[in-house]
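>>> the sequence and its predicted three-dimensional model are supplied below.
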Amino acid sequence: MSSEKAFERRWALALLSKVLSRLEKEFCALNKAALFEELRGLLSGEQTHSSYAEIGQRFGMSEGNVKVTVHRLRRRYRELLREEVTTTVNSPEEANEEIRHLFATLSS
């Protein structure tokens, strides 16, 4: 991997980490830190050791409510990512291109 690619990869990972940290702070402010920890891996589609139903049972939520919470968590993650990227570019079009480049960098 070239030094430029390595730099881009580190930048992308740092940006995603910052976004994840912001999202975690939002959940903590709502006294939902434990729920966030349980759902964190679902942001990227990782397999979890627990089903939605099991997570719901532990947190007093229905399976459907857990699914909705995960959907909202993913949506908020995308919003925060866009906010972060927007601070580094001059226009919404550039933000779109930068986000595409960010994920291309991580997938290669």
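Structure's in. What do you need?
>>> list the buried ones in stretch 63-80?
By 16 or more other C-beta atoms under 10 Å, the buried positions in stretch 63-80 come out as 66, 67, 69, 73, 74, 76, 77, 80. (Glycine included, C-beta is placed from N, CA and C.)
>>> so who does the last one touch?
So that's residue 80. 19, 22, 23 (C-beta atoms under 8 Å, 6 or more residues apart in numbering).
>>> which of these fall in strands?
Within those, no residue falls in strands by DSSP state E.
>>> now, of those residues, which are buried?
19, 23.
>>> in JSON lines, list the contacts of residue 80 along with distance to residue 12 and pLDDT.
Shown next, in JSON lines, are those (distance: C-beta to C-beta, whole Å; pLDDT from 0 to 100):
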{"residue": "19", "distance to residue 12": "11", "pLDDT": "96"}
{"residue": "22", "distance to residue 12": "16", "pLDDT": "97"}
{"residue": "23", "distance to residue 12": "17", "pLDDT": "96"}
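>>> pretty sure residue 88 contacts residue 97?
No - with contacts counted by C-beta atoms under 8 Å, residue 88 stays clear of residue 97, the gap being 11.5 Å.
>>> which residue is the nearest non-sequential neighbour of residue 99?
Nearest non-adjacent residue to residue 99, counting by C-beta to C-beta, 6 or more residues apart in numbering: residue 85, 5.6 Å away.
>>> quick one: the one you found from residue 21, how far?
Distance from residue 85 to residue 21, counting by C-beta to C-beta, to the nearest Å: 16 Å.
>>> more neighbours: those two, which one.
Using other C-beta atoms under 10 Å, the more surrounded residue of residue 85 and residue 21 is residue 85, with 19 against 11.
>>> before we move on, back to that, out of the contacts of residue 80, which are inside helices?
Using DSSP state H, the subset of the contacts of residue 80 located in helices is 19, 22, 23.
>>> low-confidence ranges in the chain?
45 (pLDDT under 70).
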